[in-house]
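A.B. asks: Provide a 3D model corresponding to the input given below.
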Amino acid sequence: MIKDIEECCKLETDYPDAELMRTDTKAFVSKIKKENPDISDIEIGVHIGLLEKADRIMEIIKLKGE
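C.D. replies: Coordinates of the predicted model:
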């Protein structure tokens, strides 16, 4: 089960713009809106929230040594 969770989180943490999301949210939002003009602020917030949760889950997995 841990492997399944880890694999699911990797989809978010390995996202090409994940590092930009972590380091410069405003630049990420600008880039995404330029590439996808119809995207809503809610959708962008969901992406950012999922990455934050995935990062926390991956950190817990690393700490537990699983």
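A.B. asks: if you go through the protein in chain order, where are the strands?
C.D. replies: Using DSSP state E, no strands are found in the chain.
A.B. asks: How confident was the prediction at the residue lying farthest from the centre of the chain?
C.D. replies: The C-alpha centroid of the chain is most remote from residue 65, which lies 21.9 Å away (C-alpha atoms, centre = their mean). Per-residue pLDDT puts residue 65 at 74.
A.B. asks: quick one: it and residue 2, what's the gap?
C.D. replies: Per C-beta to C-beta, to the nearest Å, residue 65 is found 10 Å from residue 2. The way it works is simple: take the backbone N, C-alpha and C, and place the C-beta from them, glycine included.
A.B. asks: For the spatially most central residue of the chain, list the residues it contacts.
C.D. replies: For the chain, residue 51 is the residue whose C-alpha lies nearest the centre (C-alpha atoms, centre = their mean; 2.2 Å). Residues near residue 51 by C-beta atoms under 8 Å, 6 or more residues apart in numbering: 12, 13, 15, 18, 21, 22.
A.B. asks: which parts of whichever helix in the chain runs longest are buried?
C.D. replies: Across the chain, the helix with the greatest residue count (assigned by DSSP state H) is helix 41-64. In terms of neighbour count (16 or more other C-beta atoms under 10 Å), helix 41-64 has its buried residues at 44, 47, 48, 50, 51, 54, 55, 57, 58.
A.B. asks: All set, thanks.
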